[in-house]
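Peer 1: predicted model, plus sequence, below.
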Amino acid sequence: MKPWHWLTAICLVTTSACTTIGYYVQAVSGQTEILVKQQPVQKLVADPVTPEILKQSLSAVMDILDFAHTDLGLPDNGSYRQYADLQRRYVVWNVVAAPEFSLQAKQWCYLVVGCLNYHGYFAEQQARDYASNLSSTGWEVTVNGVSAYSTLGWFRDPLLNSMLNRERWEIARMLFHELAHQLLYFDGDTDFNEAFADSVATIGLQHWLHSQPSAIRETAELSLQREAAFYNLVLTARDRFATLYASGQPATEMRLQKQQLTSKLQTEYRQLQAGWNGDTRYDTWMQSQINNAGFSIISTYRLQVPQFLAAYRQLGSRLPDFYAWAVSLKACNNRERQQYLQNPNQRVTCQSY
């Protein structure tokens, strides 16, 4: 999910890829920790000392990986065949920032990968300190814990303990997303990259669920219905904020209306959640991330997914054709990719950007 992390490899050669020496040090340290702690999954499964619950989870992940490689055609390069227990809930924390009256996320630019809409840290407090500094200069910020990331083939990505504390179907979707990043990544086009990976994960999950017992399918489908309802609610609210920012009203008036729109979204969420039988998974977001940064990161992952799924169907619902079409857009710039996304059957003629 988070391709910025492979910048560690670049930083080993030159610090010019990193915003500061301190950032360079924490990135190298964090990636090194993962490399040092990883162990072969097969060895852990065979070891009688390994807790049985971990053995079961690791074995299930190996089955999911086999499905990803065989049935979905996703890269098989040895990733997720190692396991590292970092003894923390998240592997990294990403800082996202946006101006007071704009939904356009701040970007951080690096060598090779181009510009990204988030800035990540392996230590939560460092992320929060950086976010606080941004906030003090007028940016609206969020700090998001991240369970997994892709190094885009620079390393064999290991399975992490932060990836396992969830339902099996959620693990499957996460792995499909991360492997999709290894299949395709365009420098400086965060929105396209993340929406493509999320689309592959959505398609892959539906395929995988067909092979699972009915109890797993039913649990996943109910959760996915609620997830879709939540994101539809948030993206609809985002459009209201976008309309406000485009209105050209005085700042004081827009601030007042922002408060009203925030209250409206909170009320709508409470109404939606009332029928969820105590499901509170989105409460934290509603309490702390209703701001332009929060809207922007959800937009990055979700806004274009319906278009990608429509493109998949227009291409005959065949994953190899879908992959080939997406990869063919490599020579296009960000704007051109959006045009082809609207009409995936159009012949790609991009030369270079």
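Peer 2: That came in fine, so what should we check first? Numbers count the residues shown, from 1 in each chain.

Peer 1: hey, let's count contacts and neighbours off CA atoms from now on
Peer 2: Fine.

Peer 1: for residue 217, grab the count of nearby residues.
Peer 2: By other Cα atoms under 10 Å, 17 other residues sit near residue 217.

Peer 1: can you tell me which residues contact it?
Peer 2: In this structure, residue 217 makes contact with 209-210, judged by Cα atoms under 8 Å, 6 or more residues apart in numbering.

Peer 1: off-centre distance for the helix or strand containing it?
Peer 2: Using DSSP states H and E, residue 217 sits in helix 214-245. Put simply, helix 214-245 sits 15 Å off its chain's centre (Cα atoms, centre = their mean, to the nearest Å).

Peer 1: what element comes up after it heading to the C-terminus?
Peer 2: The next secondary structure element downstream of helix 214-245 (using DSSP H and E) turns out to be helix 251-273.

Peer 1: phi first, then psi, for residue 86.
Peer 2: phi -90, psi -10 (degrees, to the nearest 10).

Peer 1: ok, for it, nearest residue in space, not its chain neighbours?
Peer 2: Closest residue to residue 86 in three dimensions, ignoring its sequence neighbours and counting by Cα to Cα, 6 or more residues apart in numbering: residue 161, at 6.6 Å.

Peer 1: which stretches of the stretch 251-353 of the chain form helices?
Peer 2: Assigned by DSSP state H, counting those that start in this stretch, the helices in the stretch 251-353 of the chain fall at 251-273, 283-288, 292-302, 305-314, 319-327, 334-342.

Peer 1: for residue 118, find the nearest of the ones you listed.
Peer 2: Within those, the stretch nearest residue 118 is helix 292-302; the backing value is 8.5 Å (Cα to Cα).

Peer 1: quick one: contacts for the residue nearest to residue 86?
Peer 2: With Cα under 8 Å, 6+ apart as the criterion, the residues that contact residue 161 are 83-89.

Peer 1: one more time with 7 Å, if that's ok
Peer 2: Residues counted as contacts of residue 161 (Cα atoms under 7 Å, 6 or more residues apart in numbering) are 84-86.

Peer 1: start and end of stretch 74-81, how far apart?
Peer 2: According to Cα to Cα, to the nearest Å, stretch 74-81 extends 15 Å from its N-terminal end residue to its C-terminal end residue.

Peer 1: ok, then the element right after the helix or strand of the chain with the lowest mean pLDDT?
Peer 2: Taking mean pLDDT, DSSP states H and E as the measure, the helices and strands of the chain show their lowest mean at helix 7-11, namely a mean of 44. Following helix 7-11 in sequence order, the next helix or strand is helix 21-37 (DSSP H and E).

Peer 1: buried set for that next one?
Peer 2: For helix 21-37, burial by neighbour count (16 or more other Cα atoms under 10 Å) applies to 23-24, 26-28, 30-31, 34-35.

Peer 1: including pLDDT and distance to residue 182, could these go into CSV?
Peer 2: CSV is the format used below for these (pLDDT from 0 to 100; distance: Cα to Cα, whole Å):
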residue, pLDDT, distance to residue 182
23, 78, 24
24, 71, 23
26, 86, 24
27, 81, 20
28, 81, 21
30, 90, 20
31, 87, 18
34, 94, 19
35, 91, 18
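
Peer 1: include distance to residue 155 when you put the residues you listed into CSV, please.
Peer 2: Formatted as CSV, the entries for those read as follows, by distance: Cα to Cα, whole Å:
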residue, distance to residue 155
23, 20
24, 18
26, 18
27, 14
28, 13
30, 14
31, 10
34, 11
35, 9
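
Peer 1: check what contacts stretch 226-242 and list those residues.
Peer 2: Contact with stretch 226-242 is made by 103, 265, 295, as judged by Cα under 7 Å, 6+ apart.

Peer 1: please apply the same query to stretch 176-184.
Peer 2: 1, 68, 74-75, 149-150, 152-153, 197-198, 200-201, 204, 327.

Peer 1: one step back: now the residue nearest to residue 86: how far from residue 126?
Peer 2: The value you get for residue 161 to residue 126, if Cα to Cα is used, is 21 Å.

Peer 1: what domains does the record give for the protein?
Peer 2: According to automatic domain parsing, the chain comprises the domains 3-167, 215-302.

Peer 1: most surrounded residue in the contacts of residue 161?
Peer 2: Each of these was scored by neighbour count (other Cα under 10 Å); the top score is that of residue 84, with 20 neighbours.

Peer 1: roughly how far does that one sit from residue 161?
Peer 2: Following Cα to Cα, the distance that separates residue 84 from residue 161 is 6 Å.
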